[in-house]
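In: Predicted model follows, preceded by the sequence.
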Amino acid sequence: MNPWQQIPSNEYEEHMMAPGVQQLGVLNEIFRKALDQFNPRSLCILGCTNGNGFEHLIDRKFDLLLGVDINYKYLAECRAWFAEELKMLNLLCADIDQLDIKNDCFEMIHAALIFEYVDVQKLLTKIPTWLNYGGILCVVLQTPGELSQPVSDTEFESIRKLSSVIKLFDVKEFVCLAEKNGMKEIYSYYINLQKGKKFFVGYFKKIEIFKIVK
Ligand SMILES: C[S@@+](CC[C@H](N)C(=O)[O-])C[C@H]1O[C@@H](n2cnc3c(N)ncnc32)[C@H](O)[C@@H]1O
C-alpha cells in the first residue's frame, strides 16, 4: 500500500503547519498566484489532498475541473467542503502513475509536491498529452535543505513512512526533461522555507514540437 493512503488528513495538516515546516500556507498561496496568472477554464490538480487552496476556485468559471489523489479519504473531505460551491468539481481517486486522461483536455495542470512521489519521466510524457496547445503546467518541487532530511522531523509515524518513498528530483534535470517533452519553462521562482529548504515553482507552456521528416 502507498504510505500516503495511511496518513490521516489531520496528521498531514498538523505536520505541514508545524513551526519547522510551515508549507501548507505557502502551497495555498502558490496555487492562488497561478490561478490569478492564468485564469484557466479547464484545470486538473494532481495530488490535490483535501483541497488546500480550493477556496480560490470559488467564483471562477470552469468548463472542466478535476482533482486527483490516491487517498480517497482526502477526496471525501474535499467533496464535503467544496462540492456545494464548486459544482463543476470532479474528484478522482487514482494512482497518478497509472492515470490516463483524454488528450488535450486542460488549459492548466497544477502539480505541487507530487513529482516527489511518482515516476517523473513517465508523468512528464503524459502531461503534455493532457494539456491543450499553449496549456500551462504549474509545478512545485521541493529542493534539498542542508539542515533537514527530505521529510522533516515529525511526531507522526505515518508521515515518517514517507521517507522510504520520497525522491527529490534535480530542478535542472526536470526543466530539461520537460523541454524534451514539449513543455518550455516560461517563468520560475524559488521560495525559502524552514530549515534551509526551498520550493522551486515553475510554469511550463506546452509548445508545438515540429519534427523534420526527411
Ligand atoms: C504533499 S501532498 C500535495 C500538496 C498539495 N498539492 C498542496 O498544494 O497543498 C502530496 C499529495 O499527493 C498524493 N499522492 C502521492 N502519491 C500519489 C500517487 N501516486 N497518485 C495520486 N496521488 C498521490 C498524496 O495522497 C497527497 O495528497
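Out: Thanks, I have it.
In: before we move on, which element is I30 in?
Out: If you go by DSSP states H and E, I30 is part of helix 24-38.
In: average model confidence for stretch 33-46?
Out: Across stretch 33-46, pLDDT averages out at 98.
In: end-to-end on it?
Out: Using C-alpha to C-alpha, to the nearest Å, one end of stretch 33-46 lies 17 Å from the other.
In: Please state the offset of it from the chain centre?
Out: Remark: stretch 33-46 is offset 12 Å from the chain centroid, using C-alpha atoms, centre = their mean, to the nearest Å.
In: quick one: contacts of it?
Out: Contact partners of stretch 33-46, identified using C-beta atoms under 8 Å, 6 or more residues apart in numbering, comprise 56-57, 60-68, 96, 101, 105-111, 114, 130, 132, 136, 138, 203. (Each C-beta comes from the backbone N, C-alpha and C, glycine too.)
In: Show me which residues of this structure sit near the ligand.
Out: Residues of the chain found near the ligand (C-beta under 6 Å from any ligand atom) are 2, 4, 27, 31, 47, 49, 52, 68-71, 74, 95-97, 112-114, 117-118.
In: from those residues, which would you call buried?
Out: Among the residues of the chain next to the ligand, those scoring as buried are 4, 27, 31, 47, 49, 52, 68-71, 74, 96, 112-114, 117-118 (criterion: 16 or more other C-beta atoms under 10 Å).
In: residues touching I191, list them.
Out: So I191 contacts 26, 30, 198-199, 201 (C-beta under 8 Å, 6+ apart).
In: same thing but 7 Å
Out: Contacts here follow C-beta atoms under 7 Å, 6 or more residues apart in numbering; on that basis I191 touches 26, 198-199, 201.
In: Just the buried residues from these, in ChimeraX please.
Out: Only the buried entries of the contacts of I191 go into this ChimeraX selection, using 16+ other C-beta under 10 Å:
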select :26,199,201
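In: Give me the phi and psi angles of C105.
Out: For C105, the backbone dihedrals are phi -90, psi -30 (criterion: degrees, to the nearest 10).
In: Surely it is in contact with D63?
Out: No - the pair C105 / D63 is not scored as a contact, 9.8 Å apart, by C-beta atoms under 7 Å.
In: Which residue of those two possesses the greater neighbour count?
Out: C105 (18 against 11; other C-beta atoms under 10 Å).
In: Now name the helix or strand holding C44.
Out: Secondary structure from DSSP H and E places C44 in strand 42-46.
In: Mind listing what's buried along stretch 145-158?
Out: Going by neighbour count (16+ other C-beta under 10 Å), the buried part of stretch 145-158 is 145, 148, 151-152, 154, 156, 158.
In: partner strands of the strand holding C44, parallel or antiparallel?
Out: Each strand paired with strand 42-46, and its direction, by DSSP bridges: strand 64-69 (parallel), strand 106-112 (parallel).
In: Could I have the CA atoms of the first one written out in CSV?
Out: Meaning strand 64-69. Output of strand 64-69 as CSV, limited to C-alpha atoms (Å, rounded to 0.1, in the frame of the first residue of the first chain):
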residue,chain,number,x,y,z
LEU,A,64,-13.7,21.2,-16.6
LEU,A,65,-12.3,20.9,-13.1
LEU,A,66,-10.6,17.7,-11.9
GLY,A,67,-8.8,16.9,-8.7
VAL,A,68,-6.8,13.6,-8.4
ASP,A,69,-5.4,11.9,-5.3
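In: Many thanks, have a good one.
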